[in-house]
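**Q** show me how the following folds:
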Amino acid sequence: MTMRSLQIASLALAIFVAPAASQNQYGNPEKRPPRATSATISEADLMSRLYVFADDSMEGRNAPLASNAKGTAYIVRELTRLKIAPAGPLGSYYQTLPYVQRTLSPRTNLTVNGVPLTLGTDFTVTSRGATKIVDSAVVIFAGVSSNANQMILPEWATNRFVIVVPAPPPPAEAAGAARGGGAGGGRVAGGGGAPSPVNAATRYAGAAAIATVVPDVNNPPATGGFGGRGRGGGGGGGRGGAAGPTNVLNDLSATRVAAQYYISPAAAAKLLGRPVEGAGPGTMGGAVSATIFYDDVDIPYASNVLAIIPGSDPVLKNEYVVVSAHNDHVGVSGPNAQGVSTAADHDSLRAARLALLRMQMQGGELVANAPGTTVTVNMDSLRRIRPARRDSIRNGADDDGSGSMGVLEIAEAIAAMPVKPKRTTIFAWWTAEEDGLVGSRWFTDNPTVPLNQVVANINMDMIGRGRAEDVPGGGPDYLGYLGANRLASVLDDRVQTINKQQRNPLRLDNRFDWPITWPGYNNIYGRSDHANFSRYNIPIVFFFTGLHADYHQITDEPQYIDYPHYSRIVNFVKDLTVDVANLPTRPKVDRSGAIPPRPIKQ
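**A** Just a heads-up that it's a prediction; the model follows:
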């Protein structure tokens with residue numbers, strides 16, 4: 001393993017010294033009181049909204065926690081003030097998702113050859129969704145999950161009760177975790193380390209159940225098993241055990257999957273008829289039957305927000321253009337498994353992550369850092385200006401406060417138009433995007449308007465940055481987009497045409513429709529909410545400005561947004577929305593949805 005270390009003595013001063021006492025190097029204050037907005041999409045309006053929506057008081061808008069409801073309440077207050085009509089069920093702005101706080105019930109049982117095992121001692125259940133029925137499923141030992149070549153084939157697991165021994169934890173140095181420094185500096189580790197262990201849940205999806213052997217089923221190690229607890233309920237296992245409460249979507253239509261268990265070594269021996277240490281991959285055991293019961297308490301906090309401006313054409317008003325963003329983010333960095341706060345020094349973490357990104361941005365493309373790469377930043381110059389700022393709130397100003405407030409500004413602008421667009425416009429703020437595009441999936445599976453009358457989805461996620469320091473090829477004119485040429489080529493034509501009509505056209509970058517060198521940018525087509533429209537063959541276009549150094553960090557705050565750039569993007573998306581809503585015919589689906597044949601040059 002090689003290691004590179006970048007010592008930066010003056011980087012902190014260059015990054016953080018403000019041109020004025022109340023502003024940073026971008027001309028933005030750390031905090032800003034709200035001001036009245038107007039029908040004109042402006043830097044001031046976007047700034048006013050975003051400083052509210054991504055304020056510390058919103059606690060990171062984590063769905064399905066109460067912090068998400070704080071963000072959606074702000075959107076609804078603004079829609080009400082602007083007199084934009086609701087588009088949710090029963091005349092509400094809210095389409096509330098059926099999240100529940102789910103606890104494993106003590107009625108849960110598991111037997112091997114008719115002999116019961118003890119819940120909480122021999123086993124516990126880590127899965128919290130719809131699971132397959134386990135009825136006389138034969139036990140099979142799959143092996144150690146560190147090497148797929150030494151594990152059983154996936155087809156051997158079909159309809160069986162699969163036992164897996166987890167891979168050993170990677171060396172601490174290779175974990176690649178960001179470490180926020182104290183007053184003296186910040187350090188961020190790059191990628192590298194041992195190969196990722198086999199994901200047993202994916203490899204053995206056809207199994208009736210998958211059980212991971214751990215020393216203590218109530219306090220499994222961090223690497224033991226699946227970690228399928230969901231962000232709302234903490235990490236897999238940890239204090240309180242794997243049977244603790246978890247926030248999950250109670251989707252009765254969900255596909256049943258393999259049940260997932262933690263089991264003790266003693267339980268594994270009972271299931272296999274021998275100690276697991278003496279078993280080889282493919283060793284067979286007894287017959288297992290199991291029933292999983294849950295105790296649920298409703299959680300009313302996670303909601304899509306839906307608003308509508310009816311179209312002006314008597315016929316086309318029955319068709320819809322959906323313009324959207326997601327309203328949630330990733331919340332607060334809580335204590336780790338040992339109960340220690342994970343709050344970090346804001347400035348040192350940001351300086352280190354910016355330096356690491358600079359090392360990756362080479363030759364107009366992102367490249368992976370060598371295994372073990374670290375960045376060390378000397379913060380002495382900054383400490384002479386101000387003390388360390390401990391921070392734990394991941395505000396989500398860009399992700400996706402920028403898109404959410406952009407949609408709100410577009411709604412305000414269209415509501416003020418004396419003649420509305422011909423088609424009806426739906427304004428949507430999806431919840432739980434960070435949990436796997438849950439809110440947009442719920443809407444498209446449970447639409448509040450006829451889905452076959454939705455002609456396009458224009459989606460925005462992270463549109464507030466895009467500087468040269470944020471993404472290769474970035475700058476004040478930069479805008480990434482994708483998907484417009486995958487289903488309806490006319491949608492891509494409209495993107496190009498409307499951009500050229502702007503007073504200062506943006507420099508459109510559609511390379512993300514194709515595989516690129518940096519894997520973090522691949523398959524973005526499937527990684528934001530537009531994906532749930534494209535699976536219904538609805539044309540989409542997605543806009544964003546790159547995965548910058550503050551992505552999912554405590555440093556994604558309103559003070560770092562590029563407001564002049566952001567304002568130009570939102571004005572462009574508003575013009576595109578109006579244009580698509582006024583097309584004489586709906587965008588025709590003339591492509592398969594696959595990757596387009598070649599990049600489109602401007």
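
**Q** hey, C-alpha coordinates of stretch 151-169 in PDB?
**A** Included here for stretch 151-169 are C-alpha records, laid out as PDB according to Å, rounded to 0.1, in the frame of the first residue of the first chain:
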ATOM      1  CA  MET A 151     -18.600 -19.600  -1.100                       C
ATOM      2  CA  ILE A 152     -21.400 -21.700  -2.500                       C
ATOM      3  CA  LEU A 153     -23.000 -20.700  -5.800                       C
ATOM      4  CA  PRO A 154     -26.100 -18.600  -5.600                       C
ATOM      5  CA  GLU A 155     -28.300 -21.300  -7.100                       C
ATOM      6  CA  TRP A 156     -27.400 -23.600  -4.100                       C
ATOM      7  CA  ALA A 157     -29.100 -21.100  -1.800                       C
ATOM      8  CA  THR A 158     -32.500 -21.100  -3.500                       C
ATOM      9  CA  ASN A 159     -35.300 -21.500  -0.900                       C
ATOM     10  CA  ARG A 160     -32.800 -22.500   1.700                       C
ATOM     11  CA  PHE A 161     -31.800 -21.100   5.100                       C
ATOM     12  CA  VAL A 162     -28.300 -19.800   4.400                       C
ATOM     13  CA  ILE A 163     -25.700 -19.400   7.100                       C
ATOM     14  CA  VAL A 164     -22.800 -17.000   6.500                       C
ATOM     15  CA  VAL A 165     -19.700 -16.100   8.500                       C
ATOM     16  CA  PRO A 166     -18.900 -12.400   8.000                       C
ATOM     17  CA  ALA A 167     -15.700 -11.200   6.600                       C
ATOM     18  CA  PRO A 168     -13.200  -9.900   9.100                       C
ATOM     19  CA  PRO A 169     -13.100  -6.100   9.500                       C
END
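
**Q** how far does it sit from its chain's centre?
**A** Averaged C-alpha coordinates place stretch 151-169 at 29 Å from its chain's average position (Cα atoms, centre = their mean, to the nearest Å).

**Q** and that stretch, what's its mean pLDDT?
**A** For stretch 151-169, the mean per-residue pLDDT is 94.

**Q** in that stretch, what's buried?
**A** Residues of stretch 151-169 classed as buried: 151-152, 154, 156-157, 160-167 (neighbour count, 16 or more other Cβ atoms under 10 Å). For glycine as for every other residue, the C-beta is placed from the backbone atoms N, C-alpha and C.

**Q** out of the residues you listed, who's nearest residue 445?
**A** Distance to residue 445, by Cβ to Cβ, is smallest for residue 154 among the buried residues of stretch 151-169, at 28.4 Å.

**Q** that closest one and residue 199, how far apart?
**A** Taking Cβ to Cβ, to the nearest Å as the measure, residue 154 and residue 199 are separated by 12 Å.

**Q** ok, now residue 114?
**A** From residue 114 across to residue 199, the span is 32 Å (Cβ to Cβ).

**Q** equivalent analysis for residue 330, please.
**A** Distance, residue 330 to residue 199, by Cβ to Cβ: 22 Å.

**Q** between the two, who's got more neighbours?
**A** Neighbours around residue 330 and residue 199, counted as other Cβ atoms under 10 Å, are more numerous at residue 330. The numbers are 19 against 12.

**Q** check that one and give its pLDDT.
**A** Confidence for residue 330, expressed as pLDDT, is 96.

**Q** isn't it right up against residue 395?
**A** No - counting by Cβ atoms under 8 Å, no contact exists between residue 330 and residue 395, whose distance comes to 9.8 Å.

**Q** overlap in contacts, the two.
**A** residue 60 (Cβ atoms under 8 Å, 6 or more residues apart in numbering).

**Q** just the helices in the stretch 251-400 of the chain please.
**A** Under the criterion DSSP state H, counting those that start in this stretch, the stretch 251-400 of the chain carries helices at the ranges 265-272, 346-360, 380-383.

**Q** how about the chain?
**A** 11-16, 43-53, 66-82, 200-203, 265-272, 346-360, 380-383, 403-415, 438-445, 489-500, 531-534, 563-582 (DSSP state H).

**Q** residue 141: neighbouring residues, count only.
**A** Burial measure for residue 141: 24 neighbouring residues, criterion other Cβ under 10 Å.

**Q** against residue 112, how distant is it?
**A** 14 Å.

**Q** list the residues that contact both of these two?
**A** With contacts taken as Cβ under 8 Å, 6+ apart, the residues that reach both residue 141 and residue 112 are residue 285.

**Q** ok so, going back, tell me which of the helices of the chain is the most buried.
**A** Ranked by mean neighbour count under mean count of other Cβ atoms under 10 Å, these are led by helix 403-415, which reaches a mean of 26.

**Q** which of the helices of the stretch 251-400 of the chain sits closest to residue 306?
**A** Of all the helices of the stretch 251-400 of the chain, it is helix 346-360 that lies closest to residue 306, at 35.0 Å by Cβ to Cβ.

**Q** surely residue 268 meets residue 211?
**A** Yes - here residue 268 lies in contact with residue 211, judged by Cβ under 8 Å, at a distance of 7.5 Å.

**Q** mutual contacts of these two, please.
**A** Listed as contacting both residue 268 and residue 211 by Cβ under 8 Å, 6+ apart are residue 163.

**Q** mind showing which ranges of the stretch 401-550 of the chain have poor pLDDT?
**A** Within the stretch 401-550 of the chain, no stretch falls below the threshold (pLDDT under 70).

**Q** now residue 216, nearest residue through space, not along the chain?
**A** Taking Cβ to Cβ, 6 or more residues apart in numbering, and ignoring the residues beside it in sequence, residue 216 has residue 264 as its nearest neighbour in space, at 7.4 Å.

**Q** what about that neighbour, distance to residue 364?
**A** As judged by Cβ to Cβ, residue 264 and residue 364 stand 53 Å apart.

**Q** and the two? which has more neighbours close in?
**A** residue 264 (20 against 8).

**Q** the more buried one is in contact with residue 211, isn't it?
**A** No - the pair residue 264 / residue 211 is not scored as a contact, 10.1 Å apart, by Cβ under 8 Å.

**Q** who touches both of those two?
**A** Between them, residue 264 and residue 211 share the contacting residues residue 123, judged by Cβ under 8 Å, 6+ apart.

**Q** I'd assumed residue 436 was in contact with residue 528.
**A** No - with contact defined as Cβ under 8 Å, residue 528 and residue 436 do not form a contacting pair (11.2 Å).

**Q** settle it for me: which of those two has more neighbours?
**A** Set side by side, residue 528 and residue 436 show unequal neighbour counts under other Cβ under 10 Å, the larger going to residue 528 at 27 against 11.

**Q** quick one, phi/psi of the closest residue to the more buried one other than its chain neighbours?
**A** Taking Cβ to Cβ, 6+ apart, and ignoring the residues beside it in sequence, residue 528 has residue 461 as its nearest neighbour in space, at 4.5 Å. Here the main-chain torsion angles of residue 461 (degrees, to the nearest 10) amount to phi -150, psi 110.

**Q** residues in contact with residue 461?
**A** If a contact means Cβ under 8 Å, 6+ apart, then residue 461 has 325, 326, 399, 400, 403, 433, 528, 529, 542, 543, 544 as its contacts.

**Q** any idea how far the fifth one is from residue 305?
**A** Put plainly, it is residue 403. Taking Cβ to Cβ, one finds residue 403 at 13 Å from residue 305.
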